[in-house]
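Chemist: Attaching a predicted model along with its sequence, questions to come.
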Amino acid sequence: MSARISGAPACAHLFLRAYACLLLTLAAQGAGAQVDAGQALAECDAPGLASPLRPPPSDAPDWPARAHALDLRHLQWPGVKQEGALRLVAAWEGGLQAKLGQVPRGVDASLSLHRGAALPEVLARRFPHLRQGGVLELPAGQTLDERWLRAELLLVREDAQGRVQEASRLQLAGALDDRYAEAAEVLAYGPLFTPGQRSTRLRLWAPTAHQVQLCLYPGPESPAARVLPLHWEPASGSWLLTADEDLRGHYYRFLVDVLVPGQGLLRQRVTDPYSVSLNADSRRSFVADLDDAAWMPQGWQQHRRPAPPASATDMSIYELHVRDFSWHDASQPPALRGKFGAFAQAGALGVQHLQRLARAGMTDLHLLPVFDIASIPERDCAQPSVPPAPPDSQTQQAAVTALAARDCYNWGYDPLHYSAPEGSYASEANAGGQRLLEFRQMVMALHGLGLRVGMDVVYNHTPASGQHVHSVLDRVVPGYYQRLDAQGRVERSTCCDNTATEHRMMAKLMSDSVLLWALKHGIDSFRFDLMGHQPRAVMEAIARRLRQQLGHSVPLIGEGWDFGEVAQGARFVQASQRSLNGSGIGTFSDRARDALRGGSPGDGSPAGLVRQGWGNGLFSAPNGVAEAASEAMLQDAADLIRVGLAGSLGSYRMSDWRGVPRRLSGIAYADQPAGYASQPAEVVNYAENHDNHTLFDNHVLRLPRDASHEERVRAQLLATAVTAYSQGVAYFHAGMEILRSKSLDRNSFDSGDWFNRLDWSLQDNGFAAGLPPAPDNVQAWPLYRSLLADPAIKPRAQDIRQARDMFLDQLRVRASSRLFHLRSAAQVQQRLSFPRLPDGQAPTLLLARLDGRGLRGAGFRELLLVFNAGRDEGRFAWDDARLGWRLHPVLARPGAADAVLRQLARVDAGRREVRVPAWSAAVFVR
């Protein structure tokens with residue numbers, strides 16, 4: 001039968017549907033499956049997420065899942081009482097009733113359990129959070145076979161008459177991994193094709209499903225044309241469709257018959273977790289061969305990717321949101337604003353800005369999430385109309401907030417399908433192949449600018465679980481992909497529904513997805529959101545796999561924060577700051593960030609919002625509203641700046657500001673070691689990213705209120721210089737270099753285009769666009785009002801342009817010498833030092849010296865970095881001034897952006913004196 005029937009006349013269409021039903025019925029009977037083909041075809045087009053096949057008894061108790069199947073023979077039930085007998089009861093298709101004080105009903109089979117001693121060590125290592133407590137063993141020779149694993153199961157503690165005294169559902173992940181993962185891990189999932197053949201295969205991992213069928217749709221909106229059965233693969237727990245025809249260009253979803261706790265046996269209508277593309281709003285998966293030339297832009301296979309970095313420390317990364325990039329760019333075609341296609345418009349102002357950055361030394365562009373996003377309507381999204389209003393008005397945020405749930409904007413940290421591009425960024429969201437084509441056009445265009453392309457990936461959570469429209473994984477294998485607490489509820493420490501990447505098939509899904517983006521879409525590096533919620537071993541395995549498949553290392557960085565139910569290794573060794581030593585995987589360092597900015601990103605209190613840092617006047621230029629600071633506080637902050645400049649290396653030795661020799665691991669930061677990394681590639685330095693206040697807004701809150709336009713520019717560029725000149729990976733947020741403001745919004749993830757604007761014409765930085773949205777800012781509105789209403793704070797066009805040009809020079813300085821991106825801790829120890837200033841000198845001055853002798857690519861014999869965080873010029877006597885220093889050629893050339901630095905920064909050999917202007921970073925060379 002033809003694979004493409006959407007164009008058939010209506011009568012022929014009905015005939016083909018009936019014929020398909022007959023074929024399906026015969027095929028299913030031959031396979032031994034119980035399939036009602038007509039009913040299944042109707043199910044494909046039925047409304048809702050699922051149909052009940054066998055609802056649970058109306059009065060059945062909903063017992064928590066406090067017990068665990070650790071493997072196929074061993075169970076654990078923490079806290080279960082010792083008296084009474086323990087029994088595992090099963091109902092093959094659901095319907096169990098286990099009421100307190102009554103004999104269980106609806107039982108198809110049961111097993112008596114033996115109470116063992118302590119947990120076997122091999123299981124204790126796999127489940128450290130379950131180490132305490134004894135183990136329950138199945139009878140000798142008995143294991144949980146596939147029938148038991150897809151049944152409704154309860155553990156019950158009974159009295160002598162068999163009456164229920166206590167009951168628990170089972171968390172099955174350990175047993176599912178033990179039974180199926182070894183065979184499943186080597187298989188490929190999703191749409192599968194063999195070169196030169198017209199056949200199509202699709203594989204789904206659904207080991208607890210009773211039956212799986214595939215609904216096939218000729219188009220994104222057409223009725224289902226056929227229902228095809230998938231066949232059970234008992235070794236792997238997978239279901240496989242093999243069709244002797246080319247199904248490319250069709251759409252599909254699965255009918256998965258599976259028992260859902262508290263819901264009974266359901267027929268789920270669900271998309272493919274391994275979807276590579278979808279129709280609009282992700283209602284149907286798209287059958288696409290990613291090696292098909294139809295989804296490759298012209299020149300895709302021949303285009304040259306920039307060479308991978310010899311070391312991650314060679315990377316200077318620019319973090320950018322796809323919609324932010326072009327939505328406000330009037331030089332872009334209206335149809336492409338906010339889309340992937342905007343990156344290919346060579347004449348647009350934003351593209352020209354990226355080109356300037358690349359020529360100056362920016363090496364990588366990291367895109368905020370571009371996978372399929374749950375929270376952005378892919379068609380018919382609303383665009384708020386924001387009326388003119390005063391700069392401190394509530395009106396603007398009210399207009400934005402009213403439509404926030406339906407507008408076209410979100411950062412996108414709510415992944416719906418991990419391996420498919422987001423449809424709202426494509427010109428036609430309902431065409432499954434178009435987003436593939438345009439995503440690749442974007443990547444190719446960025447590569448053409450000389451920029452490697454990185455991707456922000458979010459595997460630590462899903463937007464929902466259970467029976468929710470944005471739940472995919474949990475509806476295919478209920479209870480497996482999500483991390484559960486001691487009662488069987490989904491953990492939400494990430495603020496969404498956490499995934500369990502310690503489970504082998506969730507780890508495989510993450511690994512397969514990362515590899516697909518790298519191999520098929522040209523992605524050059526990855527930033528992992530909340531990476532500390534993932535196991536180190538899994539992250540290292542991904543790094544090895546990428547290296548083997550691509551023939552070179554692929555840089556992996558991520559947020560290594562240590563919190564939640566996995567904190568301090570509670571469930572596994574985490575991919576967190578202090579646990580990744582020696583892995584080569586980078587984590588964001590908050591040490592110098594907090595010292596520079598002041599306060600803490602998590603502190604939204606009135607006192608916390610104005611608490612100054614080393615880079616905005618701590619002690620030396622009080623803002624008049626923060627608590628009084630001491631010189632010792634300033635010097636402690638300066639030591640944390642030194643930690644950042646030295647790559648946060650735990651082993652690096654220096655003398656602290658008091659003159660005490662220490663390793664950086666011996667310097668305190670918020671009750672942690674300030675130095676934690678083994679090698680500089682394991683640290684990402686930054687002063688601003690998409691989270692929290694932009695640096696400009698941070699300075700609005702913390703700089704002295706009377707700071708001039710020039711001072712605000714200089715304070716901004718002092719912070720970017722600390723990032724640019726530190727050892728490790730340099731990371732910059734888009735717009736940081738043009739004084740980007742979000743009108744004091746501290747969490748703009750859903751604040752729309754209005755508060756997330758980027759103006760590549762360099763006329764407006766976004767400040768004073770109104771009070772930021774109430775949900776995350778209303779408590780600070782009284783503080784914000786007077787700041788937003790002050791016209792002296794908003795920068796002028798010349799200030800924005802000045803900041804950009806100074807930043808470009810900093811990139812050129814970083815690119816000029818290998819000394820700014822040393823590759824080993826030994827090199828950093830050997831070549832970086834922090835000379836002490838003579839007693840009595842201004843505490844706002846900080847010196848760093850880099851020795852380039854014998855280092856290929858150093859470019860200079862020595863570098864002297866002088867940072868002045870003071871509001872006044874810095875001057876100090878220095879004996880080594882006689883050695884013949886001069887301002888770095890980039891900073892000293894006639895066209896250098898910072899005329900003040902060019903004119904005033906001096907190393908006077910005769911007077912043996914160094915001078916640097918206020919709020920500046922000078923680089924001198926020998």
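Modeler: Arrived safely, thanks for sending.
Chemist: Grab the most central residue of this protein for me.
Modeler: Relative to the mean C-alpha position of the chain, the nearest C-alpha, by CA atoms, centre = their mean, is the one of residue 529, at 2.7 Å.
Chemist: looking at it, that one is touching residue 559, isn't it?
Modeler: Yes - with contact taken as CB atoms under 8 Å, residue 529 and residue 559 are classed as touching, separated by 6.1 Å. Where you see a C-beta, it was placed from the backbone N, CA and C, and this is true even at glycine.
Chemist: And residue 814, its phi and psi?
Modeler: With angles defined as degrees, to the nearest 10, residue 814 sits at phi -60, psi -40.
Chemist: typed the wrong thing, it's residue 730
Modeler: Recorded main-chain torsions at residue 730 are phi -100, psi 130, according to degrees, to the nearest 10.
Chemist: so what's it scoring on pLDDT?
Modeler: The score at residue 730 is 98. That number is its pLDDT.
Chemist: what's the distance between it and residue 813?
Modeler: 12 Å (CB to CB, to the nearest Å).
Chemist: anything in contact with each of these two?
Modeler: Between them, residue 730 and residue 813 have residue 724 as joint contacts when contacts are counted by CB atoms under 8 Å, 6 or more residues apart in numbering.
Chemist: which of the two has more neighbours?
Modeler: Just comparing residue 730 and residue 813: by other CB atoms under 10 Å the higher neighbour count belongs to residue 730, 29 against 24.
Chemist: Wait, that one touches residue 317, no?
Modeler: Yes - because the distance of 6.8 Å satisfies CB under 8 Å, residue 730 is recorded as touching residue 317.
Chemist: Listing request: residues of the stretch 551-700 of the chain with sub-threshold pLDDT.
Modeler: With pLDDT under 70 as the threshold, the stretch 551-700 of the chain has no low-confidence stretch at all.
Chemist: For residue 676, give me its contacts.
Modeler: By CB under 8 Å, 6+ apart, the contact set of residue 676 is 577-578, 581, 648, 650, 665.
Chemist: mind running it again at 6 Å?
Modeler: Residue 676 makes contact with 577-578, 648, 650 under the criterion CB atoms under 6 Å, 6 or more residues apart in numbering.
Chemist: can the residues you listed go into a markdown table with extra columns for secondary structure, neighbour count and distance to residue 40?
Modeler: As requested, the contacts of residue 676 are arranged in a markdown table below (DSSP: H, G, I helix; E, B strand; the rest coil; neighbours: other CB atoms under 10 Å; distance: CB to CB, whole Å):
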| residue | secondary structure | neighbour count | distance to residue 40 |
| --- | --- | --- | --- |
| 577 | helix | 25 | 51 |
| 578 | helix | 18 | 52 |
| 648 | coil | 31 | 57 |
| 650 | coil | 21 | 60 |
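Chemist: Which of the residues you listed sits closest to residue 352?
Modeler: Distance to residue 352, by CB to CB, is smallest for residue 648 among the contacts of residue 676, at 35.0 Å.
Chemist: Past the helix or strand of the chain with the lowest mean pLDDT, which element shows up next along the chain?
Modeler: Using mean pLDDT, DSSP states H and E, helix 10-31 stands out as the lowest-scoring helix or strand of the chain, at a mean of 36. On the C-terminal side of helix 10-31, the nearest following helix or strand under DSSP states H and E is helix 37-45.
Chemist: What's the local residue count around residue 468?
Modeler: Neighbour count of residue 468, defined by other CB under 10 Å: 15.
Chemist: Now it: phi and psi?
Modeler: Its backbone dihedrals place residue 468 at phi -130, psi 150, with angles given as degrees, to the nearest 10.
Chemist: Can you tell me the closest non-neighbouring residue to it?
Modeler: By the measure of CB to CB, 6 or more residues apart in numbering, the closest residue to residue 468 outside its immediate chain neighbours is residue 49, 7.8 Å from it.
Chemist: Strands of the stretch 601-750 of the chain, residue ranges please.
Modeler: Taking DSSP state E, counting those that start in this stretch to define them, one finds strands in the stretch 601-750 of the chain at 653-655, 661-663, 668-669, 672-673, 683-685, 729-733.
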